[in-house]
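K.L.:
Got a predicted structure plus its sequence, pasted below:
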Amino acid sequence: MLRALAGRTGRRPDTVLVHSTPDADRVVFGGELRVMAARESWFTLYEHHTRREGRLDRVRLGALCPDWEKRESWACGPEGLLAFAERAWRDADARHRLHLERFRPPSPAVPGSGSGGHGGRVRFTRSGVETDAGPATPLLDVGEAAGVVMPSGCRMGICHSCLSPLSAGQVRDLRTGDIHGEPGDVIQTCVSAACGPVHIDL
C-alpha cells in the first residue's frame with residue numbers, strides 16, 4: 001500500500017505507520033520503510049520494539065499518533081495485536097475506521113449442518129501426495145504436515161502469497177464458513193479447509 005502511495009503523483013494523504021516488532025532487526029521491509037520515511041514528507045514511521053518497550057497499548061499509541069482514533073486505520077498482525085486494536089478502536093467509538101487483515105483466521109468457523117460439515121481427502125496433484133484433512137484445518141497446514149512444499153508468507157504478514165489453484169472439489173472459508181470452489185479457482189490455503197475430497201495443483 002505504501003509503495004502504491006509513493007508511486008502516485010500529486011498530493012498523498014498524511015500517513016503514519018506504527019510497526020510493532022520485538023526489535024529493530026525484525027522490522028519487515030525495515031530498510032525500505034526507513035528510507036521512505038526519510039524521503040517522503042507525507043509518511044511517518046514509528047518503530048515500537050516490544051523487547052524494550054513492552055506490548056503496544058493505548059497510552060503508547062496516543063503518544064506516537066495523538067489523532068489515531070480520527071484516522072482511517074489498517075491493522076495487520078498476530079491475533080494479540082489485532083485484539084488490542086479492536087478493543088482500542090471500539091472503546092474510542094471508532095471501530096468503523098478500523099480495517100483488519102489477519103495472518104491467520106482468529107478461530108475456525110464452526111462447520112454448518114449438511115454436507116459441508118466435514119473434512120475430506122486432499123490430493124496434491126503435482127506432488128502425488130494424498131492425506132486426510134479435518135473440517136477446521138487450513139489446507140496450508142495440511143500440506144505442510146504431509147511434506148508438500150506449500151507457497152506462503154502468511155505467517156510473516158505477506159498476504160495472498162499462499163494462493164494455489166484448485167483442481168477439483170470445494171473448500172470452506174474458515175473466516176466466514178462459506179463453501180466455494182470450481183476447478184481452476186485460486187484459493188488461499190491459509191484460510192481454506194477441505195469440504196469433501198479436494199485436489200490442489202501443487
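P.N.:
The structure has been received and is ready for your questions.

K.L.:
Mind listing what's buried along the helix-or-strand element of the chain with minimal mean pLDDT?
P.N.:
Every helix and strand of the chain was ranked by mean pLDDT, DSSP states H and E. The lowest is strand 98-102, at a mean of 85. For strand 98-102, the neighbour count (16 or more other C-beta atoms under 10 Å) marks 98, 102 as buried. All C-beta spots, glycine's among them, are computed from the backbone N, C-alpha and C.

K.L.:
now swap in stretch 82-96 and tell me
P.N.:
For stretch 82-96, burial by neighbour count (16+ other C-beta under 10 Å) applies to 82, 84-85, 88-89, 94.

K.L.:
any low-confidence regions in this structure?
P.N.:
Judged by pLDDT under 70, the chain has its weakly predicted residues at 103-117, 156-157.

K.L.:
Run through the helices of it in chain order.
P.N.:
Along the chain, counting by DSSP state H, helices occupy 2-6, 30-39, 50-53, 58-64, 79-91, 139-145.

K.L.:
now, which of the buried residues of stretch 82-96 sits nearest Lys70?
P.N.:
Lowest distance from Lys70 to the buried residues of stretch 82-96 (C-beta to C-beta) belongs to Ala94, with 7.4 Å.

K.L.:
Hmm, Glu72 and that closest one touching each other?
P.N.:
No. Under the criterion of C-beta atoms under 8 Å, Ala94 makes no contact with Glu72, lying 9.8 Å away.

K.L.:
Just the strands from this structure, written as ranges.
P.N.:
If DSSP state E is used as the criterion, the strands of the chain fall at 15-21, 43-49, 73-77, 98-102, 120-124, 129-133, 163-168, 171-173, 179-180, 186-188, 192-194, 198-200.

K.L.:
Indicate which one of the ones you listed is closest to Ala6.
P.N.:
strand 43-49 (7.7 Å).

K.L.:
related to what we said a few turns ago, any chance of CSV for the buried residues of stretch 82-96, columns distance to Gly147?
P.N.:
Shown next, in CSV, are the buried residues of stretch 82-96 (distance: C-beta to C-beta, whole Å):
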residue, distance to Gly147
Leu82, 31
Phe84, 36
Ala85, 36
Ala88, 41
Trp89, 41
Ala94, 45
